[in-house]
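In: What follows is a predicted protein model with its sequence.
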Amino acid sequence: MQSGLKKYDRWVLEFITKDKGINPLMGWESSNDTYSELNLEFSTKELAVEYAKKNNIRYELIEEQNRKISKKSYADNFLK
């Protein structure tokens, strides 16, 4: 599968939830922690780190990884 590059130029601050559980009625994963529904997007890594420090939020940086793109044609699926 070939994935696009949508929103790969943003840094996202995601909150980790502590009390995940299964909803007994529907069987969905749920939580009492409303921070699990919150994702903040920043245009640069520095802005994200500054926001976390200013609001006393513990953070972990996950650096972006270089993508290896191998060009293939559709015919390559049938050659082996």
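Out: Thanks, I have the structure now. Residues are numbered from 1 along each chain as shown.
In: What's the separation between residue 57 and residue 50?
Out: Counting by C-beta to C-beta, to the nearest Å, the gap from residue 57 to residue 50 is 11 Å. The C-beta positions use only the backbone N, C-alpha and C, and glycine is treated the same way.
In: what do you get for residue 22?
Out: Separation of residue 22 from residue 50 (C-beta to C-beta): 37 Å.
In: so what's the spatially most central residue of the chain up against?
Out: In the chain, the centroid-proximal residue (C-alpha atoms, centre = their mean) is residue 12; its distance is 6.6 Å. Residue 12 makes contact with 39, 40, 41, 42, 48, according to C-beta atoms under 8 Å, 6 or more residues apart in numbering.
In: ok, these vs residue 31, which is closest?
Out: residue 39 (14.3 Å; C-beta to C-beta).
In: where does the closest one fall, phi/psi-wise?
Out: Dihedral angles phi and psi of residue 39 (degrees, to the nearest 10) take the values phi -130, psi 130.
In: possible to save the contacts of residue 12 as TSV with neighbour count, pLDDT and distance to residue 63?
Out: Shown next, in TSV, are the contacts of residue 12 (neighbours: other C-beta atoms under 10 Å; pLDDT from 0 to 100; distance: C-beta to C-beta, whole Å):
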residue	neighbour count	pLDDT	distance to residue 63
39	10	87	18
40	15	89	18
41	11	91	17
42	16	92	15
48	20	91	12
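In: Looking at the residues you listed, spot the one nearest residue 69.
Out: Nearest to residue 69 among the contacts of residue 12, counting by C-beta to C-beta, is residue 41 at 24.6 Å.
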